[in-house]
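# Requesting a structural model of the entry that follows:
(one chain, ligands or ions: 2)
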Amino acid sequence: MVQIRLTNTRTRRKEDFRPIDADNVRLYLCGPTVYDRAHLGNARPVVVFDVLVRLLRHVYGADHVTYVRNFTDVDDKINATALARQQAGAPGTLEDLIRERTHETIGWYHADMDALGATRPDREPRATDYIAQMIAMIEQLIAGGHAYARDGHVLFRVRSYKDYGKLSGRSVDDMIAGARVEVAPFKEDPMDFVLWKPSDQGLPGWDSPWGRGRPGWHIECSAMSYELLGDSFDIHAGGIDLQFPHHENEIAQSCCAHPHGDFARTWLHNEMLQVEGKKMSKSLGNFFTVRDLLDKRIPGEVIRFVLLSTHYRKPMDWTDDKARAAEDALWDWRVLTKGVEPASEPDPRVIEALADDLNTAGAISVLYTLKDDPARLLASARFLGLLLPGLGDWMTGDLAVIDSQSVPVKDVLAALTGKLTDLRAAAMAAKDFSAVDALKAALTEAGVEVRMSKTGVELIAGPRIDAGKLGMLL
Ligand SMILES: Nc1ncnc2c1ncn2[C@@H]1O[C@H](COP(=O)(O)OP(=O)(O)OP(=O)(O)O)[C@@H](O)[C@H]1O
Ligand SMILES: [Zn+2]
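Ligands and ions are numbered 1, 2, ... in the order given. Reported below is the predicted structural model:
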């Protein structure tokens with residue numbers, strides 16, 4: 001069996017991965033807060049950990065992995081977008097508008113992540129479906145002396161958990177000195193964080209022993225992972241920006257509520273997608289969405305390729321050059337593997353690279369060496385979620401406009417193949433090839449590779465085909 005090695009943020013070491021139960025390997029990834037489109041940074045953990053899930057399924061069996069990713073559908077930012085819509089005159093109660101917004105955003109999220117070739121998780125719990133479990137967990141924490149209720153709030157007593165700060169390697173006192181912790185009259189200690197808070201009138205709220213209110217963000221992941229994966233599971237993943245305080249707080253809550261469990265054994269954190277050295281984020285406003293790129297006709301698998309070209313523990317940025325190189329490689333491979341049946345197994349070097357702390361860049365570099373073995377190339381690329389049948393539309397999807405009508409490029413190419421064949425026959429008879437040469441030059445100019453042999457004419461569309469120019473050649 002392949003031995004997977006992963007860098008565990010908790011121990012700061014690369015370790016042999018040994019699942020608690022090889023029949024059910026369990027992974028939890030912190031999912032999005034559903035108030036807006038996902039930006040490219042948000043897609044990085046989704047794509048990277050999708051490859052991990054593919055690897056785990058390969059090693060332990062397709063039915064022996066449980067992958068959970070949540071939707072945070074209760075949040076101030078969601079409320080704010082709904083309120084803005086209401087103020088702009090949208091009909092319905094605020095609650096209706098919130099539901100509409102989260103529903104719509106989840107739909108976008110699915111469409112965008114599907115376009116990147118990311119497999120859907122086995123379970124996608126929504127926080128609002130697990131409020132009862134959150135309340136139960138908070139009650140347990142209060143009973144154990146780890147939390148206290150004040151003025152409709154419930155707070156986690158950070159000093160009651162001696163290992164607080166271990167994941168991120170900070171001491172509580174350093175955190176107080178350095179962090180912008182909120183000092184509030186209802187807190188015993190400035191480090192204590194909210195498990196439950198009151199809801200304003202008109203905003204979503206649930207009845208609880210502490211009055212009508214709603215959960216804090218951190219308790220959501222603790223309650224949902226416990227419910228779906230148990231008190232000890234294998235891998236917890238997310239972006240490095242969540243390590244503190246979100247993951248630190250998740251650990252404190254889960255370990256105090258379920259002291260006999262280990263919560264997550266391996267912690268994986270992806271580094272940030274950056275823009276000019278800064279984290280791409282909504283709050284900084286330096287972001288573009290996955291949809292922005294797709295709308296610019298950058299294929300989903302090109303985005304995926306670029307995201308996988310850098311190791312997940314290194315910061316990276318998006319550049320047009322990277323996208324162009326990815327597009328060229330994918331185009332070549334799609335041409336090479338056209339009509340080819342994939343080999344039964346990927347190249348072992350691809351598995352080896354991935355098993356070594358998810359070295360996706362190494363795995364992609366193996367693909368470049370497989371041009372002479374298209375069947376193996378196809379199987380290996382598909383293992384990484386590339387060259388998937390459903391993601392290949394971009395090769396033929398462009399439309400040319402001919403006599404004000406949109407015509408698929410592949411039909412135009414077929415017609416031009418006929419035209420060039422006829423011109424060649426006439427040229428041979430007349431011993432004058434000038435018209436053939438002129439059409440060939442124009443085709444090359446429009447991004448089409450022309451192959452002529454004794455057996456016939458073949459036109460191969462290149463990645464940057466100019467559909468407009470092409471249409472004018474007919
Ligand atoms: N620039 C980034 N690069 C990589 N991962 C990121 C980046 N920004 C956010 N993430 C990850 O995206 C996932 C979803 O995060 P979340 O929904 O909390 O982000 P958000 O609040 O919409 O984004 P932002 O951080 O921009 O405000 C998390 O796992 C988070 O770590
Ligand atoms: Zn989480």
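# Run through the stretch 1-150 of the chain and note the low-pLDDT ranges.
Within the stretch 1-150 of the chain, not a single segment meets pLDDT under 70.
# what about the helices in the stretch 51-200 of the chain?
Listed in chain order, the helices of the stretch 51-200 of the chain (DSSP state H, counting those that start in this stretch) span residues 76-87, 94-115, 131-143, 172-178.
# pLDDT (mean, whole number) over the last one?
Looking back up the chat, that one is helix 172-178. The average pLDDT within helix 172-178 is 76.
# Determine how far the last residue of stretch 296-313 lies from the first.
Start-to-end span of stretch 296-313 (Cα to Cα, to the nearest Å) is 28 Å.
# just stretch 289-308 next, same as before
17 Å.
# and if you look at stretch 342-358?
End-to-end distance for stretch 342-358: 23 Å, by Cα to Cα.
# what's the answer for stretch 14-28, then?
19 Å.
# who touches it?
3-8, 49, 52-53, 56, 60, 64-70, 221, 224-225, 228-230, 232-237, 264-266, 357 (Cβ atoms under 8 Å, 6 or more residues apart in numbering). Backbone N, C-alpha and C define where each C-beta goes, glycine included.
# Now go through the residues you listed and say which are in strands.
Judged by DSSP state E, the contacts of stretch 14-28 include 5-8, 65-69, 232-237, 264-266 as members of strands.
# domains for this protein, by residue range?
5-270, 274-393, 396-471 (automatic domain parsing).
# could those go into JSON lines alongside distance to ligand 2 and mean neighbour count?
JSON lines is the format used below for these (distance: least, Cβ to the ion, whole Å; neighbours: other Cβ atoms under 10 Å):
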{"stretch": "domain 5-270", "distance to ligand 2": "3", "mean neighbour count": "19"}
{"stretch": "domain 274-393", "distance to ligand 2": "17", "mean neighbour count": "18"}
{"stretch": "domain 396-471", "distance to ligand 2": "37", "mean neighbour count": "15"}
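# So which of these is nearest ligand 1?
Nearest of the domains of the chain to ligand 1, taken as Cβ to the nearest ligand atom: domain 5-270 at 2.0 Å.
# For Tyr164, list the residues it contacts.
By Cβ under 8 Å, 6+ apart, the neighbours of Tyr164 are Val158, Val172, Glu248, Ala252.
# Is ligand 1 within reach of stretch 280-293?
Yes: residues of stretch 280-293 contacting ligand 1 under Cβ under 6 Å from any ligand atom: Met280, Ser281, Lys282, Ser283.
# what does stretch 306-324 give?
No: using Cβ under 6 Å from any ligand atom, stretch 306-324 stays clear of ligand 1, with a minimum separation of 8.4 Å.
# for the closest residue to Ala426 other than its chain neighbours, helix, strand, or coil?
Excluding the flanking residues, the one nearest Ala426 by Cβ to Cβ, 6 or more residues apart in numbering is Ala435, at 7.7 Å. Look at Ala435: counting by DSSP: H, G, I helix; E, B strand; the rest coil, its state is helix.
# close enough to count as contact, Ala435 and Ala427?
Yes: contact criterion Cβ atoms under 8 Å: Ala435 and Ala427 qualify, at 6.5 Å.
# anything in contact with each of the two?
In contact with both Ala435 and Ala427: no residue, using Cβ under 8 Å, 6+ apart.
# ok now do the residue nearest to Leu308 when sequence neighbours are not counted, which residues does it touch?
Counting by Cβ to Cβ, 6+ apart, Leu308 lies nearest to Thr360, which is 4.0 Å off, once chain neighbours are set aside. Residues in contact with Thr360 (Cβ under 8 Å, 6+ apart) are Val48, Val51, Leu308, Ser309, His311, Tyr312, Ala353, Leu354, Leu384.
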